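Visitor: Fold the following and give me the result.
(one chain, ligands or ions: 1)
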Amino acid sequence: MIEYKQTICPYCSCGCGIYLVIEDGKIIGQEPQNEHPINEGGNCPKGRNAYQFLYSEDRLKTPLIRKNGELVQSTWDEVFELITSKLKEAEPNEFGLLASGKNTNEDAYVQQKFTRVVMKTNNVEYCGRLCHSSTAAGLGPTVGSGVMPISQMDIEKTDCIFLVGINLKETFPLMAKRAMRAKAKGAKIIVMDPRKTITARELGDIHLQLEAGTDVLVLNSLMKIILENELEDKEFIESRTTGIEALREHLTSLDLQEMSKISSVSLKDLNKTARMLAKAKTCCVIYNQGLNQHTTGTDGIKALATLALIIGQYGRPGTGLCPTRGQINGEGTGDMGCLNVFYPGFQRVGTPAEPHIKFGELWGVENLPAEPGLPYTKMIQQTKYMWIIGTNPMMAAPDVDRVRESLEAKELLIVQDIYLTETAQLADIVLPVSTWVEREGVHAYVDRRVQKINKLVEPPGDAKPDWWVVCQVANRMGFKDKFDFSSPSEILDEIRKVVPPYRGITYERLENTLGGIQWPCPSEDHPGTSTFFTEKFNTPDGLGHLQVIEYKPPAELPDKAYPYILSTGRSIFHYHTGTMSRRTPKLDAEVPINYCQVNPKDAAAKNITDGCKITLSTRRGSIEAKARLTDDVPKGFVFLPFHFSESCANKITNPVLDPSCGMPEYKVCSVNIEVVK
Ligand code: SF4
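Guide: Model (predicted):
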């Protein structure tokens, strides 16, 4: 029998609806969902090829255990016995758990609860550390919250869109569609990016093609022009912000000509942009990794939020800073507390709210950890026992050769995933799990929109849901009463009790609300919240705090040995570390091998021709990729996607971190390029 079943695309956090065509329990095709409010029938290439990865021949079907150096088939009982006996030996600070932005909220919730209740540590993190930790660190002190403050639908209602460090057309195609609709109605679009991306070429009215890592200089320049020409929103500044005097004094001391020279953004473009931003009635600022992934990412976000505040672009539909989370549940995994400093609901450790005491009472346990845990990269280096779930640091973390050394040295490395990823290949124990439509649960998408995924097909072999695996270990370690869940709906019931913004969100409501519900949703009769900060910000005094930011250059700049800047990023046809998209034949056929964008002038100087193989070398090591000659990158700058294990970009990226949040500087390091002889 053939059935059509509705679900949500498993890739980015837009959350587009699709129909799966299922025959006798197997997915055989798919259709876009015309009536879904996010995509209205449109899907990008990944969304049009959403399900094939489920049927890859190398799906994990049984638990594996390392014996005599080899991973061999095992049973759930055997692996649970070994995990339990080993973890009982671990001191709290010796254990760490890495969660995934691809898990459901229910999975993420039990993962952080296990870490805190059973292992008594806050050493729990997820891949959000590597993409939006600077958002939390930058927006927390400025406006009090790092979430998208509007609905993604509002993008098309704006009359100005400022895209900062984001190639919207490739990374969030359905959001780009809304920006295109706004443009068709007359909105102006400004793109700030060192590359002349397809977004800059096709959407931008102005392209601020800055030198990589000079974001703060450009943003300070724009603010200086706005304040010195009295283009600011005086009423908004007066009623809703604090810190204007210090900001004005700082900007007055800066030399506009000098900033323009260092950033390579002309005074003409700076002046035009400042006026365009200041005159807009409704301006939305969308940003992503091009701003975040620097040692100064937090500074850049603070400066960008300050710019939005002085032009009064916060607190109404279609305004504010919109961080764009790449993973399907990048928002929800953070909401659930898979971060070393946040209990569920972003309740920060070490604050007067004392979340360890509050959650101790809610969960009925004593001695919950009160100190921050280790951040992602330090957890990999410093723990002895690690449980890595649905994430692949052997591709995603910077300087992966050092990551390998750390993981190989573990007393116990457990990896829970759907394939034998590059990280799973190093594990002592591998746990096979179900994914996407093989289990049920909820995700929170980019604009806090919670949608439900239903179980539509069976997982392969003996693969189990992530939440079940963690609960089984917790139960065997003596915490049965705290992890006595028999279904994800029971977990959501507990989430609703302890995370107030989720209180009104139930499976029943989600099943009857196409497009989901945006949290905060404090009660079952509440419609959800589209716009944040309408009357006050989430800071302690309710005001937006204007930030004074000094420019600091990137940690590693070109020199004689490594004369080019390397920046890494994504392709529209692939997803993160490629685990899903590279197992999807149609997507992999589009871009089957890694490529490096090189400016034709640099190529000529090095005898590099289009399509030839080149070596990229940094202080960390070397990899090879195919040269793609293009004016999209400026002279002295090369760009490399990070989806390819055989040409692993993060073998050569710089592991230096933003001191405010632990974000690696993926967007700038120095590199040399040579033709492979
Ligand atoms: Fe899927 Fe995102 Fe593409 Fe929509 S925009 S189809 S959610 S990958």
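
Visitor: how far away is the residue in the stretch 201-350 of the chain positioned nearest to the ligand from N105?
Guide: Here the stretch 201-350 of the chain gets closest to the ligand at one residue, I328, 7.6 Å apart by C-beta to the nearest ligand atom. (Glycine included, C-beta is placed from N, CA and C.) Counting by C-beta to C-beta, to the nearest Å, the separation of I328 from N105 is 11 Å.

Visitor: shared neighbours of those two, anything?
Guide: Overlap between the contact sets of I328 and N105, as judged by C-beta atoms under 8 Å, 6 or more residues apart in numbering, is given by H443.

Visitor: Might you report the residue contacts of the residue lying farthest from the centre of the chain?
Guide: Seen from the C-alpha centroid of the chain, the residue lying at the greatest distance (C-alpha atoms, centre = their mean) is M1, 38.9 Å away. Taking C-beta under 8 Å, 6+ apart as the criterion, M1 is in contact with 23-24.

Visitor: Please apply the same query to G542.
Guide: With C-beta under 8 Å, 6+ apart as the criterion, the residues that contact G542 are K536.

Visitor: Specify the local secondary structure of it.
Guide: coil (DSSP: H, G, I helix; E, B strand; the rest coil).

Visitor: thinking V124 is in contact with F95, fair?
Guide: No. Taking C-beta atoms under 8 Å as the definition, V124 is not a contact partner of F95, at 9.5 Å.

Visitor: what about these two, which has more around it?
Guide: Comparing V124 with F95 by other C-beta atoms under 10 Å, the one with more neighbours is V124, at 29 against 25.

Visitor: Okay, that one and the ligand: tell me how far apart.
Guide: Going from V124 to the ligand by C-beta to the nearest ligand atom, to the nearest Å gives 26 Å.

Visitor: Could you check how many residues crowd around the residue nearest to that residue when sequence neighbours are not counted?
Guide: Taking C-beta to C-beta, 6 or more residues apart in numbering, and ignoring the residues beside it in sequence, V124 has T115 as its nearest neighbour in space, at 4.0 Å. Around T115 there are 27 other residues, counting by other C-beta under 10 Å.

Visitor: next one: E228
Guide: When counting by other C-beta under 10 Å, one arrives at 14 neighbours for E228.

Visitor: One more: K26?
Guide: By other C-beta under 10 Å, 12 other residues sit near K26.

Visitor: Distance check, V656 against the ligand.
Guide: In this structure, V656 and the ligand are separated by 31 Å, where distance is defined by C-beta to the nearest ligand atom.

Visitor: who does the helix or strand containing that residue touch, helix- and strand-wise?
Guide: Taking DSSP states H and E as the definition, V656 sits inside strand 654-657. Packed against strand 654-657, as judged by 3 or more C-beta pairs under 8 Å, 6 or more residues apart in numbering; DSSP states H and E, are the following elements: strand 664-665.

Visitor: Show me what the strand it packs on is in contact with.
Guide: Contacts of strand 664-665 with the rest of the structure, by C-beta under 8 Å, 6+ apart, involve 130, 293-295, 377, 397-398, 554-556, 653-658.

Visitor: In the protein, which residue sits closest to the ligand?
Guide: Taking C-beta to the nearest ligand atom as the measure, the point where the chain comes nearest the ligand is G47, at 2.1 Å.
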